[in-house]
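In: Give me coordinates for this.
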Amino acid sequence: MRIVIQRVSHARVDVVDEQGQPDPDFKPQSIGKGLLLLVAVQDGDGADQVNYAVRKLTRMRIFPDEEGRMNRSVLDCGGSILSISQFTLYADLRRGNRPSFMAAGEPQHAQRVWQNLNRALAATGVPIAAGRFGAHMRVDMVNDGPVTILLDTDRLMNPAASTAAI
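Out: Residues are numbered from 1 along each chain as shown. Below you'll find the model as predicted:
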């Protein structure tokens, strides 16, 4: 699983149709201070990757303390999480200019893992908002810091995993 984590002062997601008009069946989701997650899943991802990611995401100390040092987690600061599925994080540009997404998980599996991640995050007490899996979305956010971190469960759970460029 690959997750781009952005510390935000606020973030919002809308689902739009082919003409760029808001989807009337989707209520826009937004958060204040917290984390914006862009999440990509591979076919081999499952409960172990979800549990690992939840531990890291909820305990990662990237929010400032009273002295301005990154010393607080999203749990410590009472923040929220906005989770967006984004298979394009597994884009492969090694051949030509058109990205290949063969490394991204099969949609039904990826949706199930992404939903499990969101449920597990919510179970920690962090308020969760989410986009819609597979939809065309518009994400608006203010990156606070800026702070942007890549969490790759394959590389972290298996240090012997390839260190090839993304």
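
In: for the lengthiest helix in the chain, which positions count as buried?
Out: Once the chain is assigned using DSSP state H, the helix that runs over the most residues is helix 107-123. The neighbour-count criterion (16 or more other C-beta atoms under 10 Å) identifies 110, 112-114, 116-118, 120-121 as the buried residues of helix 107-123. Heads up, the C-betas are built off the backbone N, CA and C, glycines and all.

In: try stretch 90-99
Out: Taking 16+ other C-beta under 10 Å as the basis for neighbour counts, the residues of stretch 90-99 that come out buried are residue 90.

In: Give me the longest strand you can find in the chain.
Out: Looking across the chain with DSSP state E, the single longest strand is strand 137-152.

In: ok so, going back, show residues contacting the longest helix of the chain.
Out: 1, 39-43, 45-47, 49-51, 53-54, 57-58, 81, 83, 85, 87, 104-105, 128, 130, 133-134 (C-beta atoms under 8 Å, 6 or more residues apart in numbering).

In: Of the residues you listed, just the buried ones, PyMOL syntax please.
Out: Buried members of the contacts of helix 107-123, defined by 16+ other C-beta under 10 Å, are picked up in PyMOL with:
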select buried, resi 1+39+40+41+42+45+49+50+53+54+57+58+81+83+85+87+104+105+128+130+133
